[in-house]
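> What would the 3D arrangement of this be:
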Amino acid sequence: MYNLFLSTGEEAGMMGGLLGMLPMILIFVFFAYFMLYRPQKKQERAVNEMRGNLRVGDEIATTGGILGKIIQIKDDFIIIETGNNKTKMKIAKWGVRSVEFREEEDDEEDGDEE
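Sure thing, here's the model as predicted:
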């Protein structure tokens, strides 16, 4: 009778081939995690932290290339002023690409008193 399944010799040959490829598969998984996935998550955390630390007075750049100064922050939106005529725009926080300039808080306890 003809066996539709592989004989034991053929099974051993296939298993040997798979076991021979195992180190390459492990190297690929290691590479994918440490070179691709992990740095992306690190960058994503930094961007989320930057967006969470936005303050009134910060000058920002949006993903669309608009530059403006934050005048109000509401939940997931911010209102910015742009241009010389102080045009106001409401944008989503996720649309902020970077903080271009951050106003430093004045420390009255610097010890610079005379």
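
> in the lengthiest strand in the chain, what counts as buried?
For the chain, the strand reaching the highest residue count under DSSP state E is reported as strand 67-74. For strand 67-74, the neighbour count (16 or more other Cβ atoms under 10 Å) marks 68-70 as buried. C-betas here are computed from N, CA, C, even on glycine.

> One more: stretch 88-102?
Those would be 91, 96-97, 99, for stretch 88-102 by 16+ other Cβ under 10 Å.

> any idea how far the residue nearest the centre of the chain is from T62?
Nearest residue to the geometric centre of the chain (Cα atoms, centre = their mean): E44, 1.6 Å. Separation of E44 from T62 (Cβ to Cβ, to the nearest Å): 18 Å.

> all strands for this structure, in order.
Applying DSSP E to the chain gives strands spanning 59-62, 67-74, 77-82, 87-92, 96-101.

> Generate JSON lines for the ones you listed, with mean pLDDT and distance to E49 as supplementary columns.
Below are the strands of the chain laid out as JSON lines (pLDDT from 0 to 100; distance: least, Cβ to Cβ, whole Å):
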{"stretch": "strand 59-62", "mean pLDDT": "95", "distance to E49": "15"}
{"stretch": "strand 67-74", "mean pLDDT": "94", "distance to E49": "16"}
{"stretch": "strand 77-82", "mean pLDDT": "95", "distance to E49": "16"}
{"stretch": "strand 87-92", "mean pLDDT": "95", "distance to E49": "17"}
{"stretch": "strand 96-101", "mean pLDDT": "91", "distance to E49": "11"}
